[in-house]
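Participant: Make a model of this:
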Amino acid sequence: MEQYLQEFLVIALVHFLAVASPGPDFAITLKQSIQYGRRTALYTSAGIGTGILVHVIYSLVGIGIIIAKTPSLLSALKYIAAAYFLYIAWHGLRAKPPQTSQINDQDSESAVVSDSSLQAPSNFKAFTTGFLINALNVKATLFFVSLFSMVIAVDTPTQVKAFYGIYMAIATGLWFSFLSMVLSHPRIRNRIISKGYWLDRIMGLVLLILAVELVVSDL
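Facilitator: Okay, here's the model as predicted:
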């Protein structure tokens, strides 16, 4: 039991450092919070947390090691992830200034932020966006492969490994939900909402850089 507790503490620390570092998950959470509001950001955060389970599942069954050791498969995943990041980045870079500076309800779950014709995505679409951003993140793939092969002992029972994975999924979802609550707070959102389209463009640029980095890097 002491061995598993030590493993868990190491995993919790490493995971927190990884999830708190800037990346595509943070970029999309920030974008959704400012552009669409709290509800959309929370569903996106739930999708990000659920996406963690994809990495956990293939790590548990050993597929992650196969992916990491198969250059052609890893390259294919890199290009798929880069293409999705580019898709999100394209929409961010094309963000336009608001047609009106007045927002009827800054905390409204369906508030239109950057354009009067822009509608908040459905809950399912927001969830799917977060899920795909995380599940297609190849660097997350390598993170979990390293975690399950180097930090977690080989003789650790599958049930315990599954518990670690579920914890990381829940912790990730809670972390980004917390960020969503903070970023979508009326006072914070009010301060940047009139210039929110610039934030969209910056987040689009960040995702563009991440996409290019994925393609040109050797990982």
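Participant: need the contact list for the most centrally placed residue in the chain.
Facilitator: Centre of the chain computed as the mean C-alpha position; nearest residue by Cα atoms, centre = their mean is Asp25, 2.3 Å away. Asp25 is in contact with 19, 48, 130, 133-134, 137, 172, 176, counting by Cβ atoms under 8 Å, 6 or more residues apart in numbering. Bear in mind the C-beta positions are built from the backbone N, C-alpha and C, glycine included.
Participant: mind checking pLDDT for it?
Facilitator: Looking at Asp25, its pLDDT stands at 91.
Participant: Point out where the chain drops to low pLDDT.
Facilitator: 64-65, 68, 95-118, 190-200, 214, 217-219 (pLDDT under 70).
Participant: Which residue ranges of it form helices?
Facilitator: Using DSSP state H, the helices found in the chain span residues 2-20, 24-35, 38-60, 63-68, 71-93, 123-135, 138-146, 158-183, 186-192, 196-216.
Participant: hey, which of the ones you listed is tucked in deepest?
Facilitator: Sort the helices of the chain by mean neighbour count, taking mean count of other Cβ atoms under 10 Å, and helix 24-35 sits at the top with a mean of 25.
Participant: Between helix 158-183 and it, find me the angle.
Facilitator: 30 degrees (axes from the mean of the first three to the mean of the last three Cα atoms, to 10 degrees).
Participant: Could you tell me the angle between helix 24-35 and helix 138-146?
Facilitator: 130 degrees.
Participant: Using PDB, write down the CA coordinates of helix 24-35.
Facilitator: What follows is helix 24-35, C-alpha atoms only, in PDB (Å, rounded to 0.1, in the frame of the first residue of the first chain):
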ATOM      1  CA  PRO A  24      -3.800  23.400 -26.400                       C
ATOM      2  CA  ASP A  25      -6.100  22.500 -23.500                       C
ATOM      3  CA  PHE A  26      -5.500  25.900 -21.800                       C
ATOM      4  CA  ALA A  27      -5.800  27.700 -25.100                       C
ATOM      5  CA  ILE A  28      -9.200  26.300 -25.900                       C
ATOM      6  CA  THR A  29     -10.500  26.800 -22.400                       C
ATOM      7  CA  LEU A  30      -9.500  30.400 -22.400                       C
ATOM      8  CA  LYS A  31     -11.100  30.900 -25.800                       C
ATOM      9  CA  GLN A  32     -14.400  29.300 -24.900                       C
ATOM     10  CA  SER A  33     -14.600  31.100 -21.600                       C
ATOM     11  CA  ILE A  34     -14.200  34.500 -23.100                       C
ATOM     12  CA  GLN A  35     -16.000  34.000 -26.400                       C
END
